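In: Predicted model and sequence below, questions to follow.
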Amino acid sequence: MIKNLIFDFGGVIAPISREKAVEAFVRLGLADADQRLDKYHQTGIFQELEEGKITAEEFQTKLGELCGRTLTWEETREAWMGFFTGLDERLLDCLKELRKRYKLFVLSNTNPYVMDWACSPEFSSKGKPLTDFFDKLYLSYQIGVTKPDRRIFDFLVADAGIDPAESLFVDDGAGNVQAAHILGFQTYCPHNGEDWRDALTVLLQKA
């Protein structure tokens, strides 16, 4: 029996575009953004930020060095926001309904710039932040490790006090889903930006 639903953020709740993000960072002055950015697993200073190995301020300084100029928080945040292409708020309504029957969590490889937006009233048209739709957010830069490393799943299980067998993990990254499956989670891998409401309903009825 499913008691817990665990959602990825980028690609599942908020659709993402690597191409638009690359364009945004190129505009910022990062000429080799195409080599540095990935949909699912970042590298270099981008990975260090998502793993919490450097702070947002340190990232901003290092990125500025790569761009050949000093960057502001706002400029850097705007570049990160290039990943996001809009929000289907019907999914938020669905989350609100699901939360009446299940515990809901986010498990995301992310960073302070993205969460500054997601956890603010800017996130949705009704002025509700991401935190209004979930029991707790588990964020890579706060935990210090990124998916698909099993340690981030172990942290979630221990902190939330949940049983993987009673938990459905929803992520658009096949590698992340495979890692969760090996650890005993039930899993579902929608495509980036998919309207997963009907498919999830069917899955939960079968479970």
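Out: Now that the structure is in, tell me what you want to look at. Residues are numbered from 1 along each chain as shown.

In: How about the contacts made by residue 185?
Out: For residue 185, the contacting residues are 6, 153, 164-165, 167-169, by C-beta atoms under 8 Å, 6 or more residues apart in numbering. Using the backbone N, CA and C atoms, a C-beta is placed for each residue, glycine as well.

In: how does it look with 7 Å?
Out: By C-beta atoms under 7 Å, 6 or more residues apart in numbering, residue 185 lies in contact with 164, 167, 169.

In: how about the helices of the protein, start to end?
Out: 18-28, 33-36, 44-50, 56-67, 73-80, 89-98, 112-118, 140-143, 150-160, 174-182, 197-206 (DSSP state H).

In: The worst-scoring helix or strand of the chain on mean pLDDT packs against which elements?
Out: Every helix and strand of the chain was ranked by mean pLDDT, DSSP states H and E. The lowest is helix 33-36, at a mean of 91. If contacts are counted by 3 or more C-beta pairs under 7 Å, 6 or more residues apart in numbering; DSSP states H and E, helix 33-36 sits against helix 18-28.

In: Can you pull out the residues in contact with the helix it packs on?
Out: In contact with helix 18-28 (C-beta under 7 Å, 6+ apart) are residues 33-34, 37-39, 67, 71, 75, 78-79, 82-83, 85.

In: By pLDDT, give me the weakest of those residues.
Out: Of all the contacts of helix 18-28, residue 39 carries the smallest pLDDT score, 67.

In: Tell me the strands beside whichever strand in the chain runs longest, with direction?
Out: With secondary structure taken from DSSP state E, the chain has its longest strand at strand 103-108. Paired neighbours of strand 103-108 in the sheet (DSSP bridges): strand 4-7 (parallel), strand 136-139 (parallel).

In: Contacts for the last one next, please.
Out: Translated: strand 136-139. Under C-beta under 7 Å, 6+ apart, the answer for strand 136-139 is 105-108, 110, 115, 130-131, 155-156, 160.

In: Restricted to buried residues, select these in ChimeraX.
Out: Buried members of the contacts of strand 136-139, defined by 16 or more other C-beta atoms under 10 Å, are picked up in ChimeraX with:
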select :105,106,107,108,110,115,130,155,156,160
